[in-house]
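> Would you be able to build a 3D model of this:
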Amino acid sequence: MDSESERLKNEGNSLFKSGNYLKAAAVYTQAIKKDPQNPTLFSNRAAAFLNLVKLQKALSDAETTISLNPSWEKGYFRKGCVLEAMERYDDALDAFKIASQHNPQSTEVSRKIKRLTQLSKDKKQKEEVDNMRSNVDLAKHLDEFKSELAQMHVAEESWKEIFSFVVETMEIAVKSWHQTSNVDARVHYLLDKEKTDTKKYAPVVNIDKAFESPHTHGDCVNFLRQYAVESFSRAACLVSPKSIISYPQVWKGQGPRKWKHGQSDGFFLQFESPSLRKEWFIPSSSEKGQVLCRDPVALDISAHEVIPKIFRDT
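The predicted structure follows:
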């Protein structure tokens, strides 16, 4: 290293230590022009670019450092730090492991390996949760319900529409829960396309006040029954968060009515039609800081109904 490039390197180091990373990178660039085969200069500039979050430039300088001196652990360390900033944790871990091979005594590299091992594990688990959240297949958990529908409507194809209605309602609720950790208490109606006056009757009715008291609950049920008749609805799905109703506590310890699903947060989905009634509880948990809905749990509706029957028997 000639005297001028040495002077520029020292000037760059001073600027780097003072936090002036942009000026430091510029000075290191001047030094590199004077001594383009010096791995230390590229390593130092890589560190400056990393602090400036110019990650591609930092990675390029780290690679050049390695190519100029393949046995120097610093180039691999720089590369690992840049890849860590890019959240490429597996690649970063590989770089730090090579750095450790060249300098096994480095406690800094050892700490990085330990940290990256955990970060890589956490990222994989988070990706698994993301994948589970984005690939919700609720229909596969409703085979028994699907069979019952098909048997009751054997002479017609309407059961397919009813089944799709239930699955779609459940999927909308799951999506809302994943995004906000909540669902609004509502009843979704499957309206008759030919008979329903859609200007007067909407497919969704809010029932958030229904669980404030036995009186409001009774009034709500009467309203829902009348709405079902006047709107010519063929089926309905109630969706309600567990948090706003007291039933799990009421059911607790009551023999066959006993609540068996612990303290899990989640929501209820209750299906109502003139010929069939079903109910599910969709529990949720927190995984890696994200809310994740678990598989629907079928409930005994005769013991755990959230609202009484709203359709007359056929």
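> Regarding this protein, what is its longest strand?
Once the chain is assigned using DSSP state E, the strand that runs over the most residues is strand 277-287.
> Tell me which residues of that strand come out buried.
Neighbour counts over strand 277-287 (16 or more other Cβ atoms under 10 Å) mark 277-284 as buried. All C-beta spots, glycine's among them, are computed from the backbone N, C-alpha and C.
> Give the other helices and strands that the worst-scoring helix or strand of the chain on mean pLDDT contacts.
Within the chain, confidence by mean pLDDT, DSSP states H and E is lowest for helix 247-251 among all helices and strands, at a mean of 77. Contacts of helix 247-251 with other secondary structure elements, assessed using 3 or more Cβ pairs under 8 Å, 6 or more residues apart in numbering; DSSP states H and E, are made with helix 301-304.
> Take the helix it packs on, keep the C-alpha atoms, and write them as PDB.
Output in PDB follows, covering the C-alpha atoms of helix 301-304 (Å, rounded to 0.1, in the frame of the first residue of the first chain):
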ATOM      1  CA  ILE A 301     -75.400 -27.700  18.400                       C
ATOM      2  CA  SER A 302     -78.000 -29.000  20.800                       C
ATOM      3  CA  ALA A 303     -75.700 -28.300  23.700                       C
ATOM      4  CA  HIS A 304     -73.800 -25.300  22.400                       C
END
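> Could you list the buried residues of it?
Using 16+ other Cβ under 10 Å as the burial criterion, the residues of helix 301-304 that qualify are 301, 304.
> Please list the outside residues in contact with that helix.
247, 251, 256-257, 259, 270, 277-279 (Cβ atoms under 8 Å, 6 or more residues apart in numbering).
> now swap in stretch 37-44 and tell me
Contacts with stretch 37-44, where a contact means Cβ under 8 Å, 6+ apart, come from 1, 5, 9, 12-13, 16, 24, 28, 31-32, 35, 61-62, 64-65, 68-69, 72, 74-75, 78.
> next one: stretch 21-32
5, 8-9, 11-13, 15-16, 38, 41-42, 44-45, 48-49, 51-52.
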